[in-house]
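> Give me coordinates for this.
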Amino acid sequence: MMLKLQNVVKTYHMGKTEVRALRGVDLDIKEGEFVAIMGRSGSGKSTLMHLIGGLDQPDDGSLVFNDRDLSKQSRNDLAEFRGQRIGFVFQSFNLIPTLTALENVELPMMYQRIARKERLRKAQRLLELAGIADRARHRPAELSGGEQQRVAIARALVNDPDLLLADEPTGNLDSKSGRQIMELIRTLNEERGMTVIVVTHDPAIARYARRTIHIFDGEIGSEPDWEEE
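Got it, this is the predicted structure:
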């Protein structure tokens, strides 16, 4: 089992208000799975993704990633874990506007002290994998939304992560670009065996996954608590 959550609880304090984001979540993810986590805004799905990705820690329960309990790690250990084991793709792309596509993909490898020649070789190869090698010298403002997301996916793969986490990866894209991005993510899962978790509120996006998990009011359920359109 790649990922095992047991009775995971997360509470946020906003002034005098206590918000129970996750209420005793149990979840297993196998290596090589493609899983969609679905829920409304405020259901707890993004909190769950942040915990799985080591961006935050639970208040209670255990979250074990390949025999490593993330709930017991220091902040420095979590930062190292994220850099080495997790690839993140976000709705907002998060590209640096002053850098080219190639430089944006290259950037995470600089923090790993990888030699420039190797950085360039790998960044170019990943842009080819993402189908955007011909735009390598363009800056984000010169790219479409779909092209920017392809760059973001290439960047997420630079450290050969065990798990790709995508949070609403098509939220800022038109339907055609969204389908192309999801086809790319599915290819990474099927041809490279990469474990993928996509967080979404969109049933059309969730259908790309092999398994869908529904979350509402901070709890995992077998059925959604809203009607799909």
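> What residues are bridge-paired with the most centrally placed residue in the chain?
Centroid-nearest residue in the chain: Leu165, 1.8 Å away (criterion: Cα atoms, centre = their mean). For Leu165, the beta-bridge partners under DSSP bridges are Phe88, Ile197.
> Quick check: it touching Gly87?
Yes - assessed by Cβ atoms under 8 Å, Leu165 is found in contact with Gly87 at 7.0 Å. C-betas here are computed from N, CA, C, even on glycine.
> thinking again about what came up before, in contact with the residue nearest to the centre of the chain, which residues are there?
Contacts for Leu165 (Cβ atoms under 8 Å, 6 or more residues apart in numbering) come out as Met49, Ile52, Gly53, Ile86, Gly87, Phe88, Val89, Ile197, Val199.
> Next one, pLDDT for the second one please.
At Ile52 the predicted local distance difference test score is 94.
> all helices of this structure, in order?
45-52, 75-85, 101-111, 116-129, 145-156, 175-192, 203-206 (DSSP state H).
> Let me know which of those is tucked in deepest.
Comparing the helices of the chain by mean neighbour count (mean count of other Cβ atoms under 10 Å), helix 145-156 ranks first with a mean of 25.
> Pull the contacting residues for the closest residue to Arg155 other than its chain neighbours.
Leaving aside its chain neighbours, Arg155 sits nearest to Val105 (4.7 Å; criterion: Cβ to Cβ, 6 or more residues apart in numbering). By Cβ under 8 Å, 6+ apart, the contact list for Val105 reads Ala123, Leu126, Leu127, Val151, Ala154, Arg155, Val158.
> export those to CSV and tack on distance to Lys117?
Shown next, in CSV, are these (distance: Cβ to Cβ, whole Å):
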residue, distance to Lys117
Ala123, 11
Leu126, 15
Leu127, 16
Val151, 21
Ala154, 18
Arg155, 19
Val158, 15
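> Go through those residues and name the one nearest Leu95.
Val151 (6.1 Å; Cβ to Cβ).
> From Gly178, how far out is the closest residue to that closest one other than its chain neighbours?
Nearest residue to Val151 in three dimensions, chain neighbours excluded: Ala101, at 4.6 Å (Cβ to Cβ, 6+ apart). Ala101 sits 20 Å away from Gly178, taking Cβ to Cβ, to the nearest Å as the criterion.
> Contact partners for Gly44?
Lys10, Ala21, Leu22, Arg23, Val25, Ile215, Phe216, Asp217, Gly218, Glu219.
> If the first one is in a bridge, with which residues?
This means Lys10. Note on Lys10: beta-bridge partners by DSSP bridges are Leu22.
> need the contact list for it.
Arg20, Ala21, Leu22, Gly44, Thr47, Leu51, Asp56, Pro58, Asp59, Gly218.
> My read is that the first one contacts Met14, right?
Going back to what we said before, that points to Arg20. No - assessed by Cβ under 8 Å, Arg20 is found out of contact with Met14, at 11.7 Å.
> Pick out whichever of these two has more residues nearby.
Arg20 (15 against 7; other Cβ atoms under 10 Å).
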